[in-house]
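Trainee: show me the folded form of this:
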Amino acid sequence: MTSAAWTSAPAFAVARVPEAERRSRWNAAALWGATGLAAFALHVAGALWLLRAPPVTPADGAPPAAIMIELAPEPEAAATEIDEVSPDLASSEASAPAAPTEAVAAETAPEALAVEEASEAAPQAEFASPEPELEAAEAQSEEIVSEQAEVLLPRTRPKPSPDRATETSRPSPKREERRDPVRPTAAARTAAKAQAQVRQAERTAASQNSSGASAASLATWQARLMAHLERRKRYPSGSQARGERGVAYVRFTIDGAGAVRAASLARSSGFPELDSEVVALVRRASPVPAPPPGAQRTITAPVRFSPR
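Mentor: Numbering: from 1, shown residues only. Got it, this is the predicted structure:
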């Protein structure tokens, strides 16, 4: 062989190797795909078999008998029995602790559940069974109801509802004994009247003392005020030379410290110079003696002018 043939042979072998690997991979993929499809087909077949299986029916082929329970109206019976309770029994029930409402609820709950379950089971039985079986079930239920009615005839009195039980357990309010008011005797009335008179006299004396003290302090302050104005009064020389005399009234307002806030002529003396002097007198005399508590702050004071 030539050198060219030796060089081309390895190249051909190298080209054939990838194609073989590719085929093996395709074969493996096809095998796994077939396995998956077979498993899926088995699962689907099992599911269809379960869905198409016939339903299980009871051995006798009859539906369960419906049970009907009729209960008497308990509230009316409870009300009539509560009204007929004697006073001794009511007092004993009031002294004893009231029955817990939880126990009553626990006793009535199973009965209510049984009635509901029976009422739900009855329609299902009627719809599922044919007409002959329905008539047999109704006949059997009527027999059961009649038997239960015969058994329930000698029932004891029904238990009162929780609200009625709590109402009966409450003790009845005791009647308050009316007592005639104790009438005071003549001596007690006389003593009370005397005490009232003494208190009234004390109040009157206290008010008189306070009014007397206030009147005395007011009179003292007025005297001090007039003396304060008299010491600062000036007789105009012209009026004195002309022999003018008279009384002029001045009105002025002061504050709590005695300072004059306003002044004006209240009544004229007949002479303008004397009238001007009284207004100037009040302004010149400020501050005047401080007023006592409760005294008027607006004063009208007379000022007399007469030659000596």
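
Trainee: low-confidence stretches in the stretch 1-150 of the chain?
Mentor: Scanning the stretch 1-150 of the chain for pLDDT under 70 picks out 1-17, 53-150.

Trainee: please report how far the spatially closest residue to residue 306 that is not a sequence neighbour lies from residue 193.
Mentor: Of all residues not flanking residue 306 in the chain, residue 245 sits nearest, at 4.8 Å (Cβ to Cβ, 6 or more residues apart in numbering). For glycine as for every other residue, the C-beta is placed from the backbone atoms N, C-alpha and C. According to Cβ to Cβ, to the nearest Å, residue 245 stands 63 Å off from residue 193.

Trainee: okay, the two: which has more neighbours?
Mentor: Using other Cβ atoms under 10 Å as the criterion, residue 245 and residue 193 rank with residue 245 on top: 16 against 10.

Trainee: show me what contacts the more buried one?
Mentor: Counting by Cβ atoms under 8 Å, 6 or more residues apart in numbering, residue 245 makes contact with 305-307.

Trainee: most neighbours of all those residues, which one?
Mentor: Neighbour tally across these (other Cβ under 10 Å): the maximum, 21 neighbours, falls on residue 305.

Trainee: wait, that residue sits on residue 246?
Mentor: Yes: using Cβ atoms under 8 Å, residue 305 is in contact with residue 246, at 6.0 Å.

Trainee: shared neighbours, these two?
Mentor: Common contacts of residue 305 and residue 246 (Cβ under 8 Å, 6+ apart): 269, 274.

Trainee: element containing residue 37, please.
Mentor: Per DSSP states H and E: residue 37 is located in helix 3-51.

Trainee: let's see which of the contacts of residue 245 end up in strands.
Mentor: Under the assignment DSSP state E, the contacts of residue 245 contribute residue 305 to strands.

Trainee: strands of the stretch 151-300 of the chain, start to end?
Mentor: Counting by DSSP state E, counting those that start in this stretch, one finds strands in the stretch 151-300 of the chain at the ranges 246-254, 260-267, 298-305.

Trainee: now do the buried residues in the first one.
Mentor: For strand 246-254, the neighbour count (16 or more other Cβ atoms under 10 Å) marks 248, 250-252, 254 as buried.

Trainee: for stretch 300-307, what is the average pLDDT?
Mentor: Averaging pLDDT along stretch 300-307 gives 89.

Trainee: now tell me what touches that stretch from outside.
Mentor: For stretch 300-307, the external contacting residues (Cβ under 8 Å, 6+ apart) are 225-226, 229, 233, 235, 239-240, 243-252, 266, 269, 274, 277-278, 281-282.
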